[in-house]
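Peer 1: Got a predicted structure here, sequence first:
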Amino acid sequence: MRKDGREIDALRPIKISPNFTKFAEGSCLIEMGNTMVLCTASVEERVPPHVTSGGWVTAEYSMLPRANRERSKRDIAKLKLSPRSAEIQRLVGRSLRGAIDLQLLGERSITIDCDVLQGDGGTRTASVTGGFIAMALACEKLIAQGKLTKSPITRYVAGVSAGIVEDVPMLDLCYHEDSRAMVDLNCIMDDAGCIIEVQGTGEGRSFTVEEEMELLRLCAKGNRELIAIQKEIVGEQK
């Protein structure tokens, strides 16, 4: 039995509040259990110098100082991003660029800001799931403003974690489980069930191919459920 009473293949309770902020072109607050991430999408009518055709999507990720059990310094106070924040925002950016046709987006940029208000495990995957909703809502706003004739979104994308705790594979680890996990795996998938990215690490021991396949099976189930929620929210906002 897990600490919160869930089955091993069950997600934590999920609440996604779209259009959570007033000024961003797209936004949502995503809550997965006690993890809370504010995701906003900002549109600029320009692209970075390295983009020679079409648009661009990028992401930034940060944890508020008391998002965790002890206060951490702000990235700005360190004069540079922490390695963890830098790695996560690259993951979010790569994942979301895989969900959009940059040529259809035109010569404009969308920046997804993912700010962790409260961290209790799975903040990077929650950032991908919520960041996609913020990006999709921003694209809908561009259509409503007449700047786009059709949505450049090509597929839905979500992310979830799984891990092995006390030799038991389980889905969507909270901090209590994640801190004791022997194996930790994050998986980003699209609505066709295809994998966009997998990050798997043997924290306490190595793991077999069969165990990895079981973790991927759990993630596939979780991502299907998350994408169903995404489709419901984006459809309602249309």
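Peer 2: Received it, and whenever you're ready, just let me know what you need. It should be emphasised that the depicted structure is a prediction, and the values quoted were computed from it without experimental measurement.
Peer 1: CA only for contacts and neighbour counts going forward, please
Peer 2: Noted.
Peer 1: how close does the closest residue to D191 other than its chain neighbours sit to L142?
Peer 2: Spatial nearest neighbour of D191, chain neighbours left out: Y156 (5.3 Å); criterion: CA to CA, 6 or more residues apart in numbering. Computed with CA to CA, to the nearest Å, the distance linking Y156 and L142 is 18 Å.
Peer 1: more neighbours, these two?
Peer 2: Higher neighbour count among Y156 and L142: Y156, with 22 against 18, using other CA atoms under 10 Å.
Peer 1: Make sure the more buried one is actually in contact with C194.
Peer 2: No. Here Y156 lies out of contact with C194, judged by CA atoms under 8 Å, at a distance of 10.8 Å.
Peer 1: How about the residue in this structure that sits furthest from its center?
Peer 2: G146 (28.2 Å; CA atoms, centre = their mean).
Peer 1: so that one, which of the three states?
Peer 2: Three-state call for G146 (DSSP: H, G, I helix; E, B strand; the rest coil): coil.
Peer 1: Can you tell me the element the residue lying closest to L148 once chain neighbours are set aside falls in?
Peer 2: Counting by CA to CA, 6+ apart, L148 lies nearest to L142, which is 5.7 Å off, once chain neighbours are set aside. Assigned by DSSP states H and E, L142 falls within helix 123-144.
Peer 1: if you average pLDDT over that helix, what comes out?
Peer 2: Averaging pLDDT along helix 123-144 yields 97.
Peer 1: on contacts alone, who are the packing partners of that helix?
Peer 2: Judged by 3 or more CA pairs under 8 Å, 6 or more residues apart in numbering; DSSP states H and E, helix 123-144 is in contact with strand 14-18, strand 26-32, strand 35-44, helix 83-97, strand 109-118, strand 157-165, strand 183-190, helix 209-237.
Peer 1: now those as CSV including distance to D172 and mean pLDDT?
Peer 2: Shown next, in CSV, are the helices and strands packed on helix 123-144 (distance: least, CA to CA, whole Å; pLDDT from 0 to 100):
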stretch, distance to D172, mean pLDDT
strand 14-18, 11, 98
strand 26-32, 9, 98
strand 35-44, 11, 97
helix 83-97, 17, 93
strand 109-118, 16, 96
strand 157-165, 5, 97
strand 183-190, 9, 97
helix 209-237, 8, 96
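Peer 1: okay if I get those as TSV plus distance to L137 and mean neighbour count?
Peer 2: Formatted as TSV, those follow (distance: least, CA to CA, whole Å; neighbours: other CA atoms under 10 Å):
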stretch	distance to L137	mean neighbour count
strand 14-18	8	17
strand 26-32	5	25
strand 35-44	8	24
helix 83-97	13	18
strand 109-118	11	24
strand 157-165	14	29
strand 183-190	18	23
helix 209-237	7	17
